[in-house]
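> here is a sequence with its predicted model. Questions after.
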Amino acid sequence: MGDTLITVIAIVLAAVLMFIFPLMTMSDRTDDVSQLSVETATTEFVDDVRTTGRLSIDKYNTFVQTLAATGNSYEVEMELQVLDENPGKKTTQTESTKIGENVYYTMYTSQILDEIDRTENGKNVVLALKEGDIFSASVRNTNSTLSQQLKNFFYKVTGNDTYTIAAEHAGIVTANGAGN
């Protein structure tokens, strides 16, 4: 009886070592590749908006499709801080004789999508930004990846707010989008 028990334990241990740990390692690598893809896509999206000064529904949809290509679902949050220069004196941002301080008002994801997800005269609306505005995007996965599921099963790590794939990028707009 003792030899049978040791044999069963050895078979179970061998199965875990031969199948489960390699599966966990490969699923972790898949998450790493997805993380890199999401970081790259987010950086490229934000930098494109910053350098052109324009945000359209086509750019946003391309970004979301790039994210979806990783096989995960994501929550995308955007924030646009619009520079509202001192209305007391018409100046450019770089002029040193300004009176007062510049203030920003903020638009969030739903407001931005409402703005760009409409048409005028049969054309999609393009949100034109100006130099000095601040645009940011953050992304995080909403589904449970295979790696998360395996870790939750083996390590009993549970939680609804846990996510493994996330990226953020922000920057100051460097071009006026209205002139293009």
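Right, received. Where do you want to start?
> is it true that residue 134 touches residue 106?
No - using Cβ atoms under 8 Å, residue 134 is not in contact with residue 106, being 9.1 Å away. (C-beta placed from N, C-alpha, C; glycine too.)
> can you report how many residues neighbour residue 112?
Neighbours of residue 112 under the rule other Cβ atoms under 10 Å: 19.
> which pLDDT value belongs to the closest residue to it other than its chain neighbours?
For residue 112, ignoring the flanking residues on the chain, the nearest one in space by Cβ to Cβ, 6 or more residues apart in numbering is residue 78 at 5.2 Å. pLDDT for residue 78: 97.
> tell me which element residue 78 falls in.
Taking DSSP states H and E as the criterion, residue 78 maps to strand 74-84.
> ok, back up a step: tell me how far the residue nearest to residue 112 lies from residue 41.
Note on residue 78: its distance to residue 41, by Cβ to Cβ, to the nearest Å, is 14 Å.
> list the helices and strands the lowest-mean-pLDDT helix or strand in the chain packs on?
Using mean pLDDT, DSSP states H and E, the weakest-scoring helix or strand in the chain turns out to be helix 146-155, at a mean of 79. On a contact count with 3 or more Cβ pairs under 8 Å, 6 or more residues apart in numbering; DSSP states H and E, helix 146-155 meets helix 21-52.
> angle of the helix it packs on against helix 146-155?
Relative orientation of helix 21-52 and helix 146-155, computed by axes from the mean of the first three to the mean of the last three Cα atoms, to 10 degrees: 140 degrees.
> what helices and strands are in contact with helix 21-52?
When contacts are defined as 3+ Cβ pairs under 8 Å, 6+ apart, helix 21-52 packs onto helix 57-68, strand 134-141, helix 146-155, strand 166-172.
> okay, the residue nearest to the spatial centre of the chain: pLDDT?
The centre of the chain sits closest to residue 139, judged by Cα atoms, centre = their mean, with a distance of 2.3 Å. We note a pLDDT of 96 for residue 139 in this prediction.
> one more: residue 98?
57.
> low-scoring stretches of the protein, by residue?
Low-confidence segments of the chain (pLDDT under 70): 1, 86-101, 156-162, 179-180.
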